[in-house]
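Trainee: Pasting the sequence and the predicted model now:
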Amino acid sequence: VQQPIDSIISSSSQTIAFLNGLNDNILTNIDQNAAEQIAGPFFGASLFPYLGFLFFLNVPQNETPKGVTVGFATCLLFVFLTIPAAIAAKVWYDV
């Protein structure tokens with residue numbers, strides 16, 4: 001019984017070491033322009049899974065309460081409304 005636990009602990013510590021190295025090498029050495037260039041494609045790509053989630057949430061067989069679907073759709077509406085607000089803040093206040 002001890003051998004599988006040791007294997008899991010060893011694997012976990014290797015994963016943590018890898019993630020710490022990744023954090024030190026990539027995430028702390030990125031400048032603002034590179035971060036902004038990465039953010040756009042990630043944002044666009046993240047919409048497709050969320051739209052799929054909303055579609056399957058609304059399938060009648062799931063019997064999802066209407067308030068849940070409306071709540072998640074409202075969250076998406078909020079995201080879409082913040083995009084023009086962010087653009088306006090950039091233009092008017094240079095932030």
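Mentor: That came in fine, so what should we check first? Numbers count the residues shown, from 1 in each chain.
Trainee: Could you name the helices and strands sitting against the helix or strand where P49 lies?
Mentor: Secondary structure from DSSP states H and E places P49 in helix 32-57. When contacts are defined as 3 or more Cβ pairs under 8 Å, 6 or more residues apart in numbering; DSSP states H and E, helix 32-57 sits against helix 66-93. In this view, the C-beta of every residue, glycine as well, is placed from N, C-alpha and C.
Trainee: centre of the chain versus the helix it packs on, how much separation?
Mentor: In terms of Cα atoms, centre = their mean, to the nearest Å, the centre of helix 66-93 is set 15 Å apart from its chain centre.
Trainee: for stretch 53-70, same thing?
Mentor: 21 Å.
Trainee: how about that stretch as PDB, C-alpha atoms only?
Mentor: Below are the C-alpha coordinates for stretch 53-70, written out as PDB (Å, rounded to 0.1, in the frame of the first residue of the first chain):
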ATOM      1  CA  PHE A  53     -22.100  25.400 -22.200                       C
ATOM      2  CA  LEU A  54     -25.100  27.700 -22.600                       C
ATOM      3  CA  PHE A  55     -26.500  25.600 -25.400                       C
ATOM      4  CA  PHE A  56     -26.300  22.300 -23.500                       C
ATOM      5  CA  LEU A  57     -27.500  24.000 -20.300                       C
ATOM      6  CA  ASN A  58     -30.700  24.900 -22.200                       C
ATOM      7  CA  VAL A  59     -31.300  21.400 -23.600                       C
ATOM      8  CA  PRO A  60     -34.800  20.300 -22.400                       C
ATOM      9  CA  GLN A  61     -33.500  16.900 -21.200                       C
ATOM     10  CA  ASN A  62     -31.300  18.600 -18.600                       C
ATOM     11  CA  GLU A  63     -34.400  20.100 -16.900                       C
ATOM     12  CA  THR A  64     -32.200  23.100 -15.900                       C
ATOM     13  CA  PRO A  65     -34.300  25.800 -14.100                       C
ATOM     14  CA  LYS A  66     -34.800  28.800 -16.300                       C
ATOM     15  CA  GLY A  67     -33.200  31.100 -13.700                       C
ATOM     16  CA  VAL A  68     -29.900  29.300 -14.000                       C
ATOM     17  CA  THR A  69     -29.800  29.600 -17.800                       C
ATOM     18  CA  VAL A  70     -30.800  33.300 -17.500                       C
END
